[in-house]
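Trainee: Got a predicted structure here, sequence first:
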Amino acid sequence: MKTYLDLCRHVMTQGALKDDRTNTGTKSVFGYQMRFDLSEGFPLLTTKKVHLKSIIHELLWFIKGDTNIKYLVDHDVRIWNEWPYKSFTKSAYYQGETMAEFVEKIKTDTLFAQKHGDLGPVYGSQWRNFNGVDQLAYILSELKTNPNSRRMILSAWNPAEIGQMALPPCHTLIQFYVANNKLSLQLYQRSADIFLGVPFNIASYALLLMMVAQVTGFEVGEFVHTLGDAHIYSNHIEQINLQLSRVPRNLPQMEINKAITRIEDFKFEDFTLKDYHPYAAIKGVVAV
C-alpha cells in the first residue's frame with residue numbers, strides 16, 4: 001500500500017527525534033493526511049501480514065460498547081492485554097502472575113475479569129454512552145434522515161473521563177460525509193504509532209465505513225486518515241525499513257454479509273477477505 005509507505009518515508013526522512021511518555025523515543029512529524037478510495041480495494045497492508053481477526057473483533061467490541069478485555073481474550077485477541085496487566089501488577093492482588101497466567105484468569109474467572117479486565121470508559125463506552133449520549137446511534141439516524149448534515153461527528157475524547165481510562169484514546173474523532181450517494185469517513189488520530197497501530201487503524205475505520213454504509217443504504221466512498229503526532233518508535237526503525245524494501249502487492253477485497261441491516265447484528269463470520277497475499281508478518285514490541 002503505497003500511501004502508507006509514503007507516510008513511513010516522510011517520517012523517516014523528515015521526522016524530529018522526540019522523547020515520549022513510554023521513554024522509548026520516536027521519530028515524529030506533526031500533521032499528515034492519507035486518503036483511501038475503497039473502490040480500489042480494502043486498505044490492508046501487504047508489505048507485512050496484518051492480523052485481521054484482531055481488527056474485526058476489536059471493532060465489534062467497540063460497537064457493543066464493551067470496555068472489558070474478556071470478550072477479546074475469549075476470542076484470542078491480545079492487543080489490549082498489556083494495559084490491564086500492567087495495572088494488575090501494581091495492585092495488592094498481584095502475586096507474581098505472568099501475562100499468560102493473567103490472561104488465563106481473565107478467561108476462566110468471571111469475577112477476576114470483572115475486577116481486573118476493565119479498561120475504564122474507553123472507546124466503546126464513549127461511542128455508545130458519551131455522558132448519556134449514544135453517538136453511534138445518533139450518526140446512524142442522521143445518515144438516514146439528514147445525510148447532508150455537517151454534524152455527524154463521533155468523539156472518543158471525553159476530558160471528564162480521561163483520567164479513568166487505561167489509555168486515553170489515540171483515534172479521537174470521526175466525521176461522516178455524504179456526496180453523490182457515497183459515504184465517506186474522516187478520522188483524526190491525535191497519536192499514531194506508525195508501525196503497530198496505524199495499519200490496524202486504517203483497516204478498522206475502513207471496515208467501519210463499509211458497515212455503516214451498508215446499514216444506511218449508501219455506497220462506499222473514501223476513508224480519510226488525518227494524523228496529529230505521527231511517529232515511529234526507535235525500536236521499530238528496522239521493521240519500517242524492511243517494509244520499505246518490499247514492493248506493495250495488490251489490495252485484497254472485503255466482502256460483508258449483505259443481509260445485515262443493523263450494525264449491532266454484525267458477527268465475525270459476516271466478513272470475508274479475499275485475495276490477500278501479504279509478505280510475512282513482522283514483529284514489534286508495543287510501547288506501554
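Mentor: Cool, the structure landed. Keep in mind that this is a model prediction, so the values were computed, not measured.

Trainee: residue contacts, Ser141?
Mentor: For Ser141, no residue meets the contact criterion (C-beta atoms under 8 Å, 6 or more residues apart in numbering). No exception for glycine: its C-beta is placed from N, CA and C like everyone else's.

Trainee: quick one, phi psi at it?
Mentor: phi -70, psi -40 (degrees, to the nearest 10).

Trainee: Tell me how far it lies from Cys170.
Mentor: 27 Å (C-beta to C-beta, to the nearest Å).

Trainee: ok, now Leu17?
Mentor: Taken as C-beta to C-beta, the span from Leu17 to Cys170 is 21 Å.

Trainee: which one of these two has more residues nearby?
Mentor: Cys170 (19 against 9; other C-beta atoms under 10 Å).

Trainee: Could you check the pLDDT of the more buried one?
Mentor: Cys170 is assigned 96 on the pLDDT scale.

Trainee: Same check on Val288?
Mentor: For Val288, the predicted pLDDT is 65.

Trainee: just Ser39 next, same as before
Mentor: 96.

Trainee: Next: Val285.
Mentor: Confidence score, pLDDT, at Val285: 78.

Trainee: isn't it right next to Ser234, touching?
Mentor: No - assessed by C-beta atoms under 8 Å, Val285 is found out of contact with Ser234, at 11.0 Å.

Trainee: who's more crowded, those two?
Mentor: Ser234 (14 against 11).

Trainee: Would you mind listing the residues in contact with Thr26?
Mentor: 15, 17-20, 231-234.

Trainee: helices or strands next to the longest helix along the chain in the packing?
Mentor: If you go by DSSP state H, the chain has its longest helix at helix 197-216. Judged by 3 or more C-beta pairs under 8 Å, 6 or more residues apart in numbering; DSSP states H and E, helix 197-216 is in contact with helix 2-14, strand 26-37, helix 52-64, helix 135-145, strand 171-179, strand 182-193, strand 219-233, strand 253-256.

Trainee: who are the neighbours in contact with the residue lying closest to Leu208 once chain neighbours are set aside?
Mentor: Once flanking residues are discounted, Leu208 sits nearest to Leu59: 6.1 Å by C-beta to C-beta, 6 or more residues apart in numbering. Applying C-beta under 8 Å, 6+ apart, we find Leu59 in contact with 204, 207-208.

Trainee: Now the residue nearest the centre of the chain. Nearest residue, chain neighbours left out?
Mentor: For the chain, the residue whose C-alpha lies nearest the mean C-alpha position (C-alpha atoms, centre = their mean) is Asn201; its distance is 3.7 Å. Counting by C-beta to C-beta, 6+ apart, Asn201 lies nearest to His171, which is 5.6 Å off, once chain neighbours are set aside.

Trainee: try Pro199
Mentor: Pro199 sits nearest to Leu45 (C-beta to C-beta, 6+ apart), 4.7 Å away.

Trainee: show me what contacts Ala41?
Mentor: Not Ala; residue 41 is Gly. 250-253.

Trainee: Would you mind checking the residues you listed for buried ones?
Mentor: Among these, the ones that count as buried by 16 or more other C-beta atoms under 10 Å are 251-252.

Trainee: Done for today, thanks.
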